[in-house]
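Novice: Sequence and predicted model, in that order:
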Amino acid sequence: MPVPNSTIRKSILFLLLILPISTFIYAQGGRITGGQIPKTSYDNLLQGRIYFPIYPAISGNQYLMRDWSAGNVLLQGRWYSNLPLLFDIYADDLIYLASQEESFDLIRLIKPYIQRFNLGDRQFINLAHSPHRKTGLKPGFYEVQVEGKVTYLIKRRLEVITERAISSFLRKDIHYLVYDGQAYRMRNKKSLLPLIGDQRKKTVFSFLKKERIRFKKSDDEGWRKVALYLNSIQLD
């Protein structure tokens, strides 16, 4: 639904008023790096709110990548290209860095309007706009590692842990293989059994052994290899 011109004017005014505050917070936090932020066109990217990124009581970093990345966003059916972006995985929010004369604003884009985006070569979907929205997965953004008959999705997550009165971020990503309209959470090789069935257990486990994939020590690449392999064999 188009945004009225009066709303856009109010948004611009709000951004101008809040700029000194947001710039000060970033100067204090010092959490965003990545070089000079390029100037980009606002257009209806103004359909967002000012973002305040600092979690003062929590140590660590809330972003998927510390540096901002040039990316593309499919927003309300329209692609916006080469935008400076950050992904706050703790809040599950996509942040647009809107360059000003000598500073920048931070705009938290409205999640229901975002269909897809990428950060460099990393691809993300909004589950609500994807073919996987009826799989029972929780709403939000998911990184797509493999797309095919078997799709490999990662829910990037941070939890806050507190030890000796000090709170810090801890990565707790969740891995899913999606097949035939159903999402399977992957924790170890036994998690594969509901997907592959007993008749393929020996074949798939032999592949894991051959490739020396040990999920307790494996990163995303281990599950990515599994997804690619499952796409290469007959599962039906």
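Specialist: All right, it came through fine.
Novice: For the closest residue to Gln76 other than its chain neighbours, give its distance to Leu177.
Specialist: For Gln76, ignoring the flanking residues on the chain, the nearest one in space by CB to CB, 6 or more residues apart in numbering is Tyr113 at 4.9 Å. For every residue, glycine as well, the C-beta is placed using N, CA and C. Remark: distance between Tyr113 and Leu177 (CB to CB, to the nearest Å) = 28 Å.
Novice: neighbour-wise, which of the two wins?
Specialist: Leu177 (24 against 19; other CB atoms under 10 Å).
Novice: Is Tyr184 bridged to anything, and to what?
Specialist: Leu177 (DSSP bridges).
Novice: From the chain's centre, how far out is the strand ranked longest in the chain? Work that out for me.
Specialist: Longest strand in the chain, counting residues (DSSP state E): strand 78-88. With CA atoms, centre = their mean, to the nearest Å as the basis, strand 78-88 stands 12 Å off its chain's centre.
Novice: So, low pLDDT: which residues of the chain?
Specialist: 1-34, 41-46, 100-103, 216-218 (pLDDT under 70).
Novice: which secondary structure elements does whichever strand or helix holds Lys225 contact?
Specialist: Following DSSP states H and E, one finds Lys225 within helix 220-232. Packing partners of helix 220-232 (3 or more CB pairs under 8 Å, 6 or more residues apart in numbering; DSSP states H and E): strand 141-146, strand 150-155, strand 174-179, helix 201-210.
Novice: which stretch among those comes nearest Gln234?
Specialist: If you check each of the helices and strands packed on helix 220-232 against Gln234 by CB to CB, helix 201-210 wins as the nearest, at 10.3 Å.
Novice: Tell me which residues are up against the closest one.
Specialist: Lys189, Leu192, Leu193, Ile196, Val226, Tyr229, Leu230, Ile233 (CB atoms under 8 Å, 6 or more residues apart in numbering).
Novice: Could you rerun that using 6 Å?
Specialist: With contacts defined as CB atoms under 6 Å, 6 or more residues apart in numbering, helix 201-210 is touched by Lys189, Ile196, Tyr229.
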